[in-house]
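Undergrad: based on what follows, work out the 3D shape:
(chains A and B)
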2 protein chains.
Amino acid sequence: MTVTILGLGLIGGSIALSLKENKFADLVIGVDSNIDHILTALDLRIVDKVMRLSDAIAQADIIILAIPVDMLSTMLPHVLNLISENQVVIDVGSTKKIIIDKIKSHPKRRNFIATHPMAGTEFSGPKAAIPNLFTNKNCVLCDVDDSKPELVEIIENMYTNGLKMKVMYLESTSHDVHTAYISHISHICSFALASTVLAKEENENNIFNLASTGFESTVRLAKSNPETWIPIFRQNQQNIIEVMDEYINTLHSYRNLMLAGDYEVLKKMLWQANQIKYVLS
Amino acid sequence: MTVTILGLGLIGGSIALSLKENKFADLVIGVDSNIDHILTALDLRIVDKVMRLSDAIAQADIIILAIPVDMLSTMLPHVLNLISENQVVIDVGSTKKIIIDKIKSHPKRRNFIATHPMAGTEFSGPKAAIPNLFTNKNCVLCDVDDSKPELVEIIENMYTNGLKMKVMYLESTSHDVHTAYISHISHICSFALASTVLAKEENENNIFNLASTGFESTVRLAKSNPETWIPIFRQNQQNIIEVMDEYINTLHSYRNLMLAGDYEVLKKMLWQANQIKYVLS
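TA: Modelled structure (predicted):
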């Protein structure tokens, strides 16, 4: 199986490493507009070779678009124009509805499968690529009834055997709501917390000497690349604003209970929140 | 050196393990009002023996109070009443000003040192106690000029050699502001995020199937024990409300920029927040 990966960052690079390690891909071809990424991916043997987009597509059984979701909107129709009937194109982006709407009338719509492997780190670029990033994690496939069943089967096989993931299925609208709650808001919480504490630090020296692992864990996602996340926030704006409003309301409740000294009610709310430990192992 | 530890939970238990492992303490005596904690601490050999409070104090060179900060306010004056001139008492709580004010006129004030080893996990109880919890972390000593220098030296030695920590010094008021920013608000963010997502989950099945490591990292602290954290929030209420207001303001700015579609300004704010990666390694 020959796999072409467009975008050799954290996600594209990690997919390349695992597909080769698990012997799903015989050949992985890389495409990237960033010359540093190209050279690093070759140096680190993340891909077997690099090519121009049109040549790389011509040779591929599977074409994986691992680029920021705003570029994806432009690039996906272009890539679909270049493929033949037996080739399959997938994206791995964090938003789904806008991408799917973008190509819903494309003659090659059924050669495209919208996927979202739910894994990542706060790092970016090909140097951040690691094997086993995806192992035992979940991968969502969206609106698969609109894709050719034999191509869906190939991609299910790729995620299951090539990346060792558990495949699940969601309607794209539902995917975007769920990721707003389970992923996008986490990034916003972290960015906002980092902002707040960094602003304070301008007036208070050495505040970070006190940082323990709790703080580090809560702001970890603020180290993520804004160039990746701004397009995600833009594409999933409506869902994210809804979650933010609920989150801000919860914070207001906590704040007002503290101000009123009503710690018994606040304690009940914290015990409810604490139930998260039974949901996440 | 004989050390008595009052409170055999995550913090007290972990201190006990490290002080013995690093051969700082020849004998560690445990005191706890919870019979389960007593039996578990003995089973796991976290302490050498358990005793009544008065007997355990009588034998100790160092007495460590590792109990929730609300109990500390009651217990600390009582413990100071029981000690002799050469004994030293420390607390390890997450708030400092209220505790210090509570005993500022006590005849044994100078036998007390307010300390805060900046380490923990989201787990609680003696089973959560681990060696090396404190290794290479920071420990804050507050208002040390109000304690006897020879006793401060013993405690510096305990933290440096017995727990392998880096000791730093802060005025208690400043400590409480810093911990609001660097620790307490992180817990509130996590509890509020867990609340928000759990509330959504009541209407949306299987939302947690999509949870990746990013979400887990951001809500980790919501697994912490509310019985520990409610007294901390209460004692540091004023500072925490101030940080919460700044945090909520930041979230409002993000939200309103998203609603206005002003992603260029939002991107600049995220890049500022992203600087946290240069502050935290």
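Undergrad: tell me how many other residues crowd residue A:242.
TA: 15 (other C-beta atoms under 10 Å in any protein chain shown). C-beta: built from backbone N, CA, C; applies to glycine.
Undergrad: likewise residue A:251?
TA: Neighbours of residue A:251 (other C-beta under 10 Å): 23.
Undergrad: so it touches residue B:190, yeah?
TA: No: in this structure, residue A:251 is not within contact of residue B:190 by C-beta atoms under 8 Å, at 11.5 Å.
Undergrad: so after the longest helix anywhere in chain A, what's the next helix or strand?
TA: Longest helix in chain A by number of residues (criterion: DSSP state H): helix A:237-259. Per DSSP states H and E, the first helix or strand lying C-terminal to helix A:237-259 is helix A:263-274.
Undergrad: in that next one, which residues are buried?
TA: A:263, A:266, A:267, A:269, A:270, A:272, A:273, A:274 (16 or more other C-beta atoms under 10 Å in any protein chain shown).
Undergrad: from the chain's centroid, how far away is that helix?
TA: 32 Å (C-alpha atoms, centre = their mean, to the nearest Å).
Undergrad: now check it, is it near chain B?
TA: Yes: Helix A:263-274 reaches chain B (C-beta under 8 Å from any C-beta of the partner chain) through A:263, A:266, A:267, A:269, A:270, A:271, A:272, A:273, A:274.
Undergrad: what does stretch A:119-139 give?
TA: Yes: for stretch A:119-139 and chain B, the contact criterion (C-beta under 8 Å from any C-beta) is met by A:119, A:120, A:121, A:122, A:137, A:138.
Undergrad: pull the most distant pair out of those residues.
TA: Maximum pairwise distance in the residues of stretch A:119-139 next to chain B, criterion C-beta to C-beta, is 19.3 Å, between A:122 and A:138.
Undergrad: wouldn't residue A:75 be in contact with residue A:65 here?
TA: Yes: in this structure, residue A:75 is within contact of residue A:65 by C-beta under 8 Å, at 6.3 Å.
Undergrad: who's more crowded, these two?
TA: A side-by-side neighbour count of residue A:75 and residue A:65, using other C-beta under 10 Å, places residue A:65 first with 24 against 17.
Undergrad: state the pLDDT value of the more buried one.
TA: In this model, residue A:65 is scored at 98, pLDDT.
Undergrad: who's it bridged to?
TA: residue A:6, residue A:91 (DSSP bridges).
Undergrad: am I right that it is in contact with residue A:91?
TA: Yes: here residue A:65 reaches residue A:91: they are 4.5 Å apart, a contact under C-beta under 8 Å.
Undergrad: what touches both of the two?
TA: Shared contacts of residue A:65 and residue A:91 (C-beta atoms under 8 Å, 6 or more residues apart in numbering or on different chains): A:72, A:76.
Undergrad: give me the residue from the stretch 1-150 of chain A nearest chain B.
TA: Across the stretch 1-150 of chain A, no residue is closer to chain B than residue A:118, which sits at 4.3 Å (C-beta to the nearest C-beta).
Undergrad: how about that residue, what does it touch?
TA: A:137, A:138, A:139, A:140, A:183, B:210, B:211, B:212.
Undergrad: in strands only, show me these.
TA: A:138, A:139, A:140 (DSSP state E).
Undergrad: quick check: pLDDT value at the last one.
TA: pLDDT, the model's per-residue confidence, is 97 for residue A:140.
Undergrad: look up how far residue A:112 lies from it.
TA: 15 Å (C-beta to C-beta, to the nearest Å).
Undergrad: what does residue A:81 give?
TA: 12 Å.
Undergrad: so between the two, which is more surrounded?
TA: residue A:112 (28 against 11).
Undergrad: on that earlier part again, would you turn the buried residues of helix A:263-274 into TSV with distance to residue A:158 and pLDDT?
TA: Below are the buried residues of helix A:263-274 laid out as TSV (distance: C-beta to C-beta, whole Å; pLDDT from 0 to 100):
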residue	distance to residue A:158	pLDDT
A:263	52	98
A:266	48	98
A:267	48	98
A:269	43	97
A:270	43	97
A:272	40	96
A:273	38	96
A:274	39	96
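Undergrad: can you give me the helices for the stretch 101-250 of chain A?
TA: Secondary structure of the stretch 101-250 of chain A by DSSP state H, counting those that start in this stretch: the helices cover A:149-157, A:172-179, A:185-201, A:213-219, A:226-235, A:237-259.
Undergrad: for residue B:147, which of these is the nearest?
TA: helix A:213-219 (27.5 Å).
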